[in-house]
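Chemist: just coords:
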């Protein structure tokens, strides 16, 4: 999560069914990192193994230790020269094969025992029952539970909502937990995993700033607990014609809660290797927690970007993605936003927890919810799924007088908007044209978050400036106002507004 008031106080601003796995493919719990001063054998490590389906080797599968990548030969075998600083060996699951998982939690890796010099790591995969050229994925950002009350909300509301949605799609559906799975309380990761199990679909995880070990002495040790539950913090996989990459862009710079948005050199080198095996022109989806870029600085007229709010070295990521059609999936901000850069669309998602479980909406007025992405070949269509609403709930309208800064206007908040959407209005059945886009505060967010209605523990929550507000000024004789919103895919949504 990222809210200006809260981070100012911390010094940041202004400067399906489980698939049975072969025993060798089950990932062990991560070995604990060495204590300060403890010495390890840092000599060479050779990892050998086979990637197969029912004993038949699979050729061309990428295998990595997080440093180097090799491809399996025609017999499905590989040899990976590594060293004892590597923590995992893992595969980039190829298209056409099911994601290995344990009660929904993706298990595509094996832990490397510290100090070992030789290791055998085989990976058994199962074929999907149908073609995965068409598939669906969901992005669940910022569940961020801080106590058992929050967990009950997740388990009884958000998770069943996702379960119901996933049941509408086929077995090729999966999800990405886009970071801040909990709110510094690692014991609640077990509740998060229960929510994953309820969903009934495989989940890949992204590490967020609230998933870090906050007493770590450096970034290298800050993901220890996360890894013990979910394995490596950066990796890739494939489904259909899409190549998916998960990155760790939360760089911990010291206790208690200081971090920046940054991609370390080791990870960039790994990504460069990973993408070298992906044909130019392919659609690539990158999931990470902190937005790569944001309009926050512009909207709030800040002199500088917040180091904890965007990725400082994003230019290099953009460069690597330039040969592809790229979609970036992020969270962290608890608002909905679309950022366009050359061939890249970044989808920043509203939070599953809304404004930290204080009500049904995020600070920009977007409902608590998640992104749904329908894939056909290289093409992706998307919509925002609000918890407790059907997919037709794509905007909220307000009568005249709802926005104090615009007392004569009706207002629409179109949270998943981008410049290819159209937001029109009708007065007494006659089309009046496009509504005016203007940055401002959502009226419901002001009502719920700027007053005294919030729980004492979250008094710092406040509404945030957003670009996805639209205004129109009805005439004195207006009896009925209708708002018509058309998304970039031609879907039309309408609401009638009281005058």
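Modeler: The structure has been received and is ready for your questions. In this text, all values refer to a predicted model and were calculated from it rather than measured experimentally.

Chemist: Residue 483 against residue 397, yeah?
Modeler: Yes - counting by C-beta atoms under 8 Å, residue 483 touches residue 397, with 5.2 Å between them. From N, CA and C alone the C-beta is placed, and that goes for glycine too.

Chemist: Counting residues, which strand of this protein comes out longest?
Modeler: Assignment by DSSP state E gives strand 44-53 as the longest strand of the chain.

Chemist: Next, the buried residues of that strand.
Modeler: By 16 or more other C-beta atoms under 10 Å, the buried positions in strand 44-53 come out as 45, 47, 49-52.

Chemist: go on, stretch 328-344?
Modeler: Within stretch 328-344, the residues that count as buried by 16+ other C-beta under 10 Å are 328-339, 341, 344.

Chemist: Ends of that stretch, what's the gap?
Modeler: Distance across stretch 328-344, first residue to last, is 7 Å (C-alpha to C-alpha, to the nearest Å).

Chemist: now stretch 172-180
Modeler: 25 Å.

Chemist: hmm, back to that, CSV please, covering the buried residues of strand 44-53 and showing pLDDT and distance to residue 104.
Modeler: Converted to CSV, those look like this (pLDDT from 0 to 100; distance: C-beta to C-beta, whole Å):
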residue, pLDDT, distance to residue 104
45, 95, 31
47, 98, 27
49, 98, 25
50, 98, 26
51, 98, 22
52, 98, 24
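
Chemist: Which residues are in contact with each of residue 483 and residue 397?
Modeler: 410, 412, 495, 497 (C-beta atoms under 8 Å, 6 or more residues apart in numbering).

Chemist: Could you give the bridge partners of the third one?
Modeler: Think residue 495. Counting by DSSP bridges, residue 495 is bridged to residue 483.

Chemist: Tell me the one of the shared contacts of residue 483 and residue 397 nearest residue 262?
Modeler: residue 412 (36.7 Å; C-beta to C-beta).

Chemist: Do a quick rundown of the strands in the stretch 101-250 of the chain.
Modeler: 101-102, 105-106, 109-111, 118-120, 123-124, 134-140, 174-177, 203-205, 235-239, 242-246, 250-254 (DSSP state E, counting those that start in this stretch).

Chemist: Among those strands, which comes closest to residue 64?
Modeler: Nearest to residue 64, of all the strands of the stretch 101-250 of the chain, is strand 235-239, at 7.6 Å by C-beta to C-beta.

Chemist: Give me the helices and strands touching the closest one, please.
Modeler: Other helices and strands packing on strand 235-239, by 3 or more C-beta pairs under 8 Å, 6 or more residues apart in numbering; DSSP states H and E, are strand 242-246.

Chemist: do you know how far the nearest residue to residue 95 once chain neighbours are set aside is from residue 60?
Modeler: Nearest non-adjacent residue to residue 95, counting by C-beta to C-beta, 6 or more residues apart in numbering: residue 238, 4.5 Å away. Residue 238 is 11 Å from residue 60, where distance means C-beta to C-beta, to the nearest Å.

Chemist: now swap in residue 373 and tell me
Modeler: According to C-beta to C-beta, residue 373 stands 26 Å off from residue 60.

Chemist: Check residue 204 too.
Modeler: Taken as C-beta to C-beta, the span from residue 204 to residue 60 is 21 Å.

Chemist: now residue 478
Modeler: Using C-beta to C-beta, residue 478 is found at 64 Å from residue 60.

Chemist: So between these two, which is more surrounded?
Modeler: Per other C-beta atoms under 10 Å, whichever of residue 478 and residue 60 has more neighbours is residue 478, with 16 against 12.

Chemist: wouldn't residue 414 be in contact with residue 466 here?
Modeler: No - counting by C-beta under 8 Å, residue 466 is not a contact partner of residue 414; they are 10.0 Å apart.
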